[in-house]
Structure formats: C-alpha cells, structure tokens
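[1] kindly return the folded structure for what I paste below:
(one chain, ligands or ions: 1)
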Amino acid sequence: MFRMSADQAHEWTIKTSSMVSNWPPVISLIHNMYCYEDAALRQQIHGLTFPNPVGLAAGFDKNGLTIPLMQALGFGFVEIGSITAKPSPGNPKPRSFRLPEDRSIINRMGLNNEGVETVTKRLSKLEPLKIPLGINIAKTHDSSIQGDSALEDYRLSFEAVKPIADYITINISCPNTSDGKTFENPESLAELLDLLSVGRDASDPPVFVKISADADRGLLTELLDLCENHSIRGYVAVNTSSGRDHLRSNPEFIRSCGRGGLSGKAIQAKSTEVISFIHEKTKGSKIIIGVGGIFSVEDAIEKLKAGANLLQIYTGLVYEGPELVKTINQGISRVLRKEGKEHIYQLVSG
Ligand SMILES: Cc1cc2nc3c(=O)[nH]c(=O)nc-3n(C[C@H](O)[C@H](O)[C@H](O)COP(=O)(O)O)c2cc1C
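    Numbers count the residues shown, from 1 in each chain. Next up, the predicted model:
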C-alpha cells in the first residue's frame, strides 16, 4: 500500500472494501478471523449497545460504502462522513501525505463527499447492523454559503440523517476548508444549536460535537458551557491539528505538503490533554469519544484513563493495519484482568 501515494491508497482501499462489503461469504470469513468478543468491553451508552470501545473515526469512509466490512473487522461502532448537504469534490489532489517517521498524516481533503441525499439513500438499504452507526455532518465546502444559508445547510443534513443515525456528530472543527472553522466561534455555534433544537424530541439520536485539537482552553471552556445548555450528550476529541510542532520528518518535505490537518502520533499528547480537560470540566458527566494517535493498547488505555468512554482510530489503521482493532480489544481485556477490574467502565478515570 505504501508504494502508492496516500490519495491512491485510500481510493483503492475504499473501492476494494466497498466490493468486499457486498460479498456476504467473505464478510463472514473476515468476521470469524477478526472479531473479538468480551462482555467486559460492552457498554450501554444513551440507549446504544457498543460491543467494544474501538470505533472507526470520521473521514475514512465519508460516503458509507464500507460499513459491513468495518463491522466484520471487529469495530465496536463506525462513524461515517463528514457528509454535507450538497455533494462536494473537495480540494484538488494531492491532498493527503504520509509522514512515516512521525507515524502521522497531513490531509486537506476538504470535505469531499457525495452529499446527504445520496449517502442517506445508500444507508437506508443497509442490512441491520449489530454496532452503532454515527453520522458526522459538516457545512458544505463552498465559501459562498455563509450566514443564514450556512445554518440552513447544516439543518438540512441534520434533519436528513436523524431518522437513520444512532448518533450524530456535528463537525465544527474541520481545518481544511477555504471558509475555515465557521462554527467554532461560540456565537455561531449557539445560533446553530438553537436552530437544530438538539434534544427537543426524546426520540432524537444523541448529538456529539467534534472538537479541534487546537482550541485554546478559554475557547474550549466557552464551547463546553454552550453545549451544556443545548443538550449535547458528548464530545469527539479531537479533529486534526493545523500545528506542525515536534515533527521529526524532513522540514522541507513538511513544507512541500502545504496546509492541512495533522493526525496520528504527532497529535496523540494534544488529544489526551483535551480529553482530560473536557473530562475535568464536565466532571465526567458527558460521553467523550477519544481520538488522535491511537496505535496500540497502551495508547488506548491512556485515553480511557484520561476520561474517554469510547475510542476512534484512523491514522493508526493506516500504519498498523486492520488487526489493530482486535489487538486493542484483546489488550484492554488483558489489562482489566491484570488490574482486577470487571468492566471497562472501571478504567475510565474517576
Ligand atoms: C485523511 C483524513 C480525512 C479526515 N476526514 C475527516 C472528516 O471528514 N470529518 C471529521 O470529522 N474528521 C476527519 N478526519 C479526522 C479524524 O476523524 C480524526 O479526528 C483525526 O485523524 C485524529 O485521529 P487519528 O490520529 O487516529 O487519525 C480525517 C482524518 C484524516 C487522516
């Protein structure tokens, strides 16, 4: 895979995974090889059953093409997207770059996706899943959509995914669009959450907000207070970072990649700090999906002990391969036994 460019490798993976997803005998073979079950890892969260804490992060499968395969690979949940109200080709290629020395990726995909109508139609034809399906929504990447039109754009996606999502993530932290992180500003986010009337209806799926790796603590506190007043059930922490600190890769190469969000090992510590901060500020009352630089059991345990209830991986999957899901789950079971704990709930920092 590493002989192809990062963009080509991802396209090839999605194409192949999509084909395999429509091939039930292969899916059941893969399920037998990769799935790991342990009742100690199962969690009930907001009425949803997560058979294990390791989820697929948004961005890998933007259009919901590979969900049966991801379930067979042993993921405890899958988050697709970001999807947007209108289809979008994203930024010109090349738009993703591997930094192997840093076990990281820089990407500026730019919210490429087929649009909410096509994706929801596809999802409505899926066989029932045994794992929760999260749908991550963002504003269409089009800088002419501003103000009330931007709000309406989000509302359209939100209403369309509500009937089929087990949970919804509102992505306010994508660093890769020409109009920037338009809703990370507290006033805009307040307007958006008012319009969406999150939690008005008891039958609505739980809604999470995806937080930037780069939000300073003042802004983060404001965002958390705001979300607290709008029935937000939790946070996905974190999105990619615009920073380029502490990288070992050749500076010339890093410069040549240009702008984009950094993911992987390079943001691991940053992500854990944000998780701890949110856990402390919310006194453990909100669900935290911890994401950023998880490559091993130790990384997963670090996030859980910092306050994450669930985890997601993307860059780790690229470098370590799909066995990583089983490796992490088996490892968490081992740690639970070693520490004399009966359930994963007991690992999350008190
Ligand atoms: C190529 C690529 C595309 C991504 N696209 C999205 C996206 O569309 N929406 C989103 O919320 N996050 C997106 N992400 C961010 C990931 O979901 C995750 O938050 C981030 O990569 C940190 O996790 P990791 O270190 O395990 O990769 C993307 C990440 C990568 C590497």
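[2] residues contacting the spatially most central residue of the chain?
    Centrality entry for the chain: nearest residue to the mean C-alpha point is Ala57, 3.2 Å, by CA atoms, centre = their mean. Residues in contact with Ala57 (CB atoms under 8 Å, 6 or more residues apart in numbering) are Glu79, Val291, Gln312, Ile313, Tyr314. For every residue, glycine as well, the C-beta is placed using N, CA and C.
[3] make a markdown table from the residues you listed and add pLDDT, distance to the ligand and secondary structure to it.
    As requested, the contacts of Ala57 are arranged in a markdown table below (pLDDT from 0 to 100; distance: CB to the nearest ligand atom, whole Å; DSSP: H, G, I helix; E, B strand; the rest coil):
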| residue | pLDDT | distance to the ligand | secondary structure |
| --- | --- | --- | --- |
| Glu79 | 99 | 7 | strand |
| Val291 | 98 | 4 | strand |
| Gln312 | 99 | 6 | strand |
| Ile313 | 98 | 5 | strand |
| Tyr314 | 98 | 3 | coil |
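[4] which of those residues sit farthest apart?
    Greatest spatial distance among these (CB to CB): Glu79 and Ile313, at 10.9 Å.
[5] got any residues that touch both of the two?
    Both Glu79 and Ile313 are in contact with Gly55, Leu56, Ala57, where contact means CB under 8 Å, 6+ apart.
[6] nearest spatial neighbour of the second one, chain-adjacent residues omitted?
    So the one you mean is Leu56. Among residues not flanking Leu56 along the chain, Val78 sits closest, at 4.6 Å (CB to CB, 6 or more residues apart in numbering).
[7] does that neighbour count as helix, strand or coil?
    strand (DSSP: H, G, I helix; E, B strand; the rest coil).
[8] nearest residue to Phe295 in space, please, no chain neighbours.
    Phe295's closest residue in space is Gly316 (CB to CB, 6+ apart), at 4.3 Å.
[9] could you point out which element follows the helix or strand harbouring the one you found?
    Secondary structure assigned from DSSP states H and E places Gly316 in helix 315-320. Counting by DSSP H and E, the next helix or strand C-terminal to helix 315-320 is helix 323-338.
[10] contact partners for the closest residue to Leu347 other than its chain neighbours?
    Leaving aside its chain neighbours, Leu347 sits nearest to Leu304 (4.7 Å; criterion: CB to CB, 6+ apart). Going by CB under 8 Å, 6+ apart, Leu304 touches Pro53, Gly290, Leu311, Ile332, Ile344, Leu347, Val348, Ser349.
[11] Validate this expectation: the second one resides in a helix.
    No - assignment of Gly290 by three-state DSSP gives strand, placing it outside any helix.
[12] that one and Leu311 touch, don't they?
    Yes - counting by CB atoms under 8 Å, Gly290 does reach Leu311; the two are 5.2 Å apart.
[13] what is in contact with the two at once?
    Common contact partners of Gly290 and Leu311 (CB under 8 Å, 6+ apart): Lys303, Leu304.
[14] which one's more surrounded, those two?
    Legend: neighbour count by other CB atoms under 10 Å for Gly290 and Leu311, higher for Gly290 (32 against 26).
[15] tell me the pLDDT of the more buried one.
    Listed pLDDT for Gly290 reads 98.
[16] so who does it touch?
    Ala237, Ser271, Thr272, Ile275, Lys303, Leu304, Ala306, Gly307, Ala308, Leu310, Leu311, Gln312.
[17] distance of the closest residue to Asn107 other than its chain neighbours from Asp7?
    In this structure, Asn107 finds its nearest non-sequential neighbour in Ser96, 4.1 Å apart by CB to CB, 6+ apart. In this view, Ser96 and Asp7 are 5 Å apart by CB to CB, to the nearest Å.
[18] same deal with Cys35?
    As judged by CB to CB, Cys35 and Asp7 stand 30 Å apart.
[19] between these two, tell me which one has more neighbours.
    Neighbours per residue (other CB under 10 Å) separate Cys35 from Asp7, with Cys35 holding more: 18 against 15.
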